[in-house]
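>>> Any chance you can model this:
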Amino acid sequence: MSTQGLLPLKGPRRPTLSNFISGENDALIETLREGLEPGGWTFLAGPPGSGRSHLLSAVLSERLKAGEAATFVALCTRSQRALLEQASGDWVILDDIDALAGSADDEMLLFNALNRWRVDQTGVLMSGAGRDRFELPDLRSRLGQATRLTLKRLDETDLRLLIEQLAEEYEVVLGRGAADYLLSRTARNSAAIARLIETLAGRALSERRTISVPLIREEIRRDPV
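Numbering: from 1, shown residues only. All right, here's what the predicted structure looks like:
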């Protein structure tokens, strides 16, 4: 099928602190914006899908914009774990550290890296669902030295605001009742909703449709959220 004349979808959404729907997390966002101390350690705790990766990516952008050396490591991606042995600079940002919990080798890798960063006075920003699943006592002790920030899930009002914001960013029309239908049929977390809206926006533009209840229904049947 020819794609001539189809409207292109905007590129991937760029995570920033400003476009994060904060809900009850205003103080936490302000800490990430202004309160991270050079050489300090911070642990951003929150349930899966609550926006941890968005916030860590946003902080990475802020630190690089400020001219600081910063490395981002997505620990849920196994191939990136080797970066723990060499990452250095002003900041190291570790997403999903609990992906290492339960593996003796991975826990020791993280423990050794944290010790090196402490000596080098490297700032560390970590995220995860929690720290309780780690088995190495010395590692749990090290992680306990980080300032803990707890990210709260968005409520229904804020999730609806997120849906409307994403539709506006992708420049697609949100049909009548679409937000309510989406919220009643999908997981109540911001990451899942953001992924679904991106997919729906791509279809809406290519098929010259609005993000309507029928379109949402079709997409959920194709790929349940």
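
>>> For T122, which non-adjacent residue is spatially closest?
Among residues not flanking T122 along the chain, V92 sits closest, at 5.7 Å (CB to CB, 6 or more residues apart in numbering). Just so you know, the C-beta spots here come from the backbone N, C-alpha and C atoms, and that holds for glycine as well.

>>> what do you get for L109?
L84 (5.1 Å).

>>> quick check, the residue nearest to T122 in a helix?
No: read with DSSP: H, G, I helix; E, B strand; the rest coil, V92 is strand and lies in no helix.

>>> residue contacts, the most centrally placed residue in the chain?
The residue lying closest to the centre of the chain (CA atoms, centre = their mean) is S53, at 1.8 Å. By CB atoms under 8 Å, 6 or more residues apart in numbering, S53 lies in contact with P15, A74, D95, D96, S127, A191.

>>> Check A178 too.
I163, T210, I211, S212, V213, I216.

>>> isn't the second one right up against V173?
Yes: using CB atoms under 8 Å as the test, T210 is close enough to V173 to be in contact (4.2 Å).

>>> which neighbours do the two share?
Joint contacts of T210 and V173 (CB under 8 Å, 6+ apart) are A204.

>>> mind checking how far S79 is from V59?
23 Å (CB to CB, to the nearest Å).

>>> More neighbours: which of those two?
Shown here are S79 and V59; by other CB atoms under 10 Å, V59 has more neighbours (23 against 7).

>>> Helix, strand, or coil at that one?
Relying on three-state DSSP, one would call V59 helix.

>>> my read: it touches L125, true?
Yes: using CB under 8 Å, V59 is in contact with L125, at 6.0 Å.

>>> overlap in contacts of these two?
In contact with both V59 and L125: L36, I93, using CB under 8 Å, 6+ apart.

>>> Now do the helices in this protein.
26-34, 52-65, 104-120, 137-143, 156-169, 178-185, 190-206, 213-222 (DSSP state H).

>>> between the ones you listed, which gets nearest to N19?
The closest of the helices of the chain to N19 is helix 156-169. By CB to CB, the value is 7.2 Å.

>>> Okay, buried residues for the closest one please.
Neighbour-count burial for helix 156-169 flags D158, L159, R160, L162, I163, L166, A167 (criterion: 16 or more other CB atoms under 10 Å).

>>> Would you check that the third one makes contact with L174?
In this case it means R160. No: using CB under 8 Å as the test, R160 is too far from L174 to be in contact (10.1 Å).

>>> gap between N189 and P15?
The gap separating N189 from P15 is 16 Å, by CB to CB.

>>> now swap in L205 and tell me
From L205 to P15 the distance is 22 Å (CB to CB).

>>> Now do the contacts for I211.
Shown in contact with I211 (CB under 8 Å, 6+ apart): A167, V172, V173, L174, G175, A178, I197, L200, A201, A204.

>>> okay, it: pLDDT?
I211 carries a pLDDT value of 96.

>>> now it, which residues is it bridged with?
Taking DSSP bridges, one finds L174 as the beta-bridge partners of I211.

>>> if I look at it, how far off is A187?
From I211 to A187 the distance is 18 Å (CB to CB).

>>> same check, this time on R160
Using CB to CB, we find R160 at a distance of 15 Å from A187.

>>> which among the contacts of A178 gets closest to G40?
For those, the nearest to G40 is I163 (35.1 Å; CB to CB).
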